[in-house]
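S.K.: sequence-free structure coming up:
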């Protein structure tokens, strides 16, 4: 019995999603240059021909992996409901969400590091990537505006400043966990440390935004 068009569509979506998941792990492990399409095909029990059918080639697959990775963090940010919270608590929640997402998705951090090695060459091919960043910038601008209106947030900081501080902190404690941990004898991924570091990013951002500018 042949499958209906809807069933074939679902099968195609599942296959594409599986290929993206496995390809994400392979590119994160081996980088763009070291990753092999043969390995991705083997792990998914499919063929290179099938991968080329869905994505066109290795470069196109890597670009799709990047786009999917960035879409993941943006979806998490957009799902955060903070409209009813006071600006200080809402900003803390956003910082903690970023911390949680980066800890739960270390492959995303590795992919960002790999893409920076390539000077953003492949990211520039994703037309939607800047649009993906628009909602979080808008959310931060709204929180800053609400905080300023109530007199709790300083006026000399913009949304990208805040995003930079939060992102830098959250990326560092995942990307540099092995080197930093070895140098200072501290396991950044232990449950106790994660709890401490999660609270710290909220404290840092809130203290900075509520400080009086010189």
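M.R.: The structure has been received and is ready for your questions. Please read all numbers here as calculations on a predicted model, not as lab measurements.
S.K.: okay, and the helix or strand of this structure with the least pLDDT?
M.R.: helix 5-34 (a mean of 85; mean pLDDT, DSSP states H and E).
S.K.: can you list contacts of the next helix or strand after it?
M.R.: Remark: after helix 5-34, the chain's next helix or strand is helix 37-43, criterion DSSP states H and E. Residues outside helix 37-43 that contact it (C-beta atoms under 8 Å, 6 or more residues apart in numbering) are 19, 22-23, 25-26, 47-48, 50-51, 58, 61. Quick note: C-beta positions are derived from backbone N, CA and C, even for glycine.
S.K.: Buried ones in the least confident helix or strand of the chain, by neighbour count?
M.R.: 15, 19-20, 22-28, 31-32 (16 or more other C-beta atoms under 10 Å).
S.K.: Also stretch 76-96?
M.R.: Neighbour-count burial for stretch 76-96 [16+ other C-beta under 10 Å]: 76-77, 80, 82, 85, 87-88, 90-96.
S.K.: in what helix or strand does the residue nearest to the spatial centre of the chain lie?
M.R.: Ranked by distance to the mean C-alpha position of the chain (C-alpha atoms, centre = their mean), the top residue is residue 73 at 4.1 Å. According to DSSP H and E, residue 73 maps onto helix 58-79.
S.K.: Could you tell me which ranges of this structure sit under the pLDDT cut-off?
M.R.: 1-11, 213-214 (pLDDT under 70).
S.K.: now, the most widely separated pair of the buried residues of stretch 76-96?
M.R.: 76 and 88 (20.8 Å; C-beta to C-beta).
S.K.: of the buried residues of stretch 76-96, closest to residue 189?
M.R.: Scanning the buried residues of stretch 76-96 for proximity to residue 189, where the rule is C-beta to C-beta, the winner is residue 96, at 16.5 Å.
S.K.: List the residues that contact that closest one.
M.R.: With C-beta under 8 Å, 6+ apart, residue 96 has these contacts: 198, 201-202.
S.K.: how does it look with 10 Å?
M.R.: 80, 166, 170, 198-199, 201-202, 205 (C-beta atoms under 10 Å, 6 or more residues apart in numbering).
S.K.: Quick one: distance of the least confident helix or strand of the chain to the chain centre.
M.R.: 18 Å (C-alpha atoms, centre = their mean, to the nearest Å).
S.K.: please begin residue numbering at 49 from this point
M.R.: Got it, the first residue is 49 from now on, which makes the last one we talked about helix 53-82.
S.K.: could you give the angle of that helix to helix 106-127?
M.R.: 110 degrees (axes from the mean of the first three to the mean of the last three C-alpha atoms, to 10 degrees).
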